[in-house]
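K.L.:
using only what follows, build the 3D model:
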Amino acid sequence: MKLLYALPVVIALAACDRVTNSTQIESRAQEQQSMQAVQSVGMPGIDKFAEKRMAKTILELRDKMIPTFTYTQDMNGHFHYLCNSVGYGLPYATQYTNPQHVTDSNGHYGIILPQADPNGLYSPASADGTWVMCLNPATKEPTAVYIEPRVVVSPFALPTTN
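P.N.:
Have a look, this model is predicted:
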């Protein structure tokens, strides 16, 4: 019976033996200060959700593959027409699958490893190229074109310098 009474004391003492490092102390202090700020100031009174609506509209437009025009831009900011296109272009570093996965190593979760794309290759975290579905002048069919320089893809014609 005495063992049952002693068990909570042992558990409490074991919890006190945890090593606290400076990062944990800073994190606790920052969380406490953030809590105080929220209680004192409150959260912003967002009621129209305009930016969320804009993000939704952009995602929906990207999904429609609307007719667009693709341009490159020179060092002076002038546009140079490249092709009629569909959609808004796809950054080269976009990955079809999650680029990382969590492994189970000896029963401990949390080791993050890179994960290959379905083609077996590991895409870069960032890249300057863009895939654009240009309309082939001969067939008028959308064809993937890889473009390295910065591009501008617009649903309406822009003034150009060529």
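
K.L.:
quick one, what contacts the most centrally placed residue in the chain?
P.N.:
Centroid-nearest residue in the chain: Thr94, 9.4 Å away (criterion: C-alpha atoms, centre = their mean). With contacts defined as C-beta atoms under 8 Å, 6 or more residues apart in numbering, Thr94 is in contact with Ser123. Every C-beta, even on glycine, is put in place using the N, C-alpha and C of the backbone.

K.L.:
ok but Ala127 is inside a strand, no?
P.N.:
No - checked against DSSP: H, G, I helix; E, B strand; the rest coil, Ala127 lies outside a strand; its state is coil.

K.L.:
ok, back up a step: Three-state assignment for the residue nearest to the centre of the chain, please.
P.N.:
With three-state DSSP as the criterion, Thr94 reads coil.

K.L.:
go on, Pro149?
P.N.:
coil.

K.L.:
wait, isn't it in contact with Thr72?
P.N.:
Yes - contact criterion C-beta atoms under 8 Å: Pro149 and Thr72 qualify, at 5.0 Å.

K.L.:
looking at these two, which has the bigger crowd around it?
P.N.:
Thr72 (16 against 12; other C-beta atoms under 10 Å).

K.L.:
so the more buried one is in which element?
P.N.:
Assignment of secondary structure by DSSP states H and E places Thr72 within strand 67-73.

K.L.:
chain center to that strand, what's the gap?
P.N.:
24 Å (C-alpha atoms, centre = their mean, to the nearest Å).

K.L.:
what is the helix or strand that it is followed by packed up against?
P.N.:
Going down the chain from strand 67-73, the next helix or strand is strand 79-91, by DSSP H and E. Strand 79-91 makes packing contacts with helix 50-64, strand 67-73, strand 130-135, strand 142-147, strand 151-154 when contacts are defined by 3 or more C-beta pairs under 8 Å, 6 or more residues apart in numbering; DSSP states H and E.

K.L.:
report the angle between strand 79-91 and strand 67-73.
P.N.:
Interaxial angle of strand 79-91 relative to strand 67-73 (axes from the mean of the first three to the mean of the last three C-alpha atoms, to 10 degrees): 110 degrees.

K.L.:
which is the next helix or strand following strand 79-91?
P.N.:
strand 100-105.
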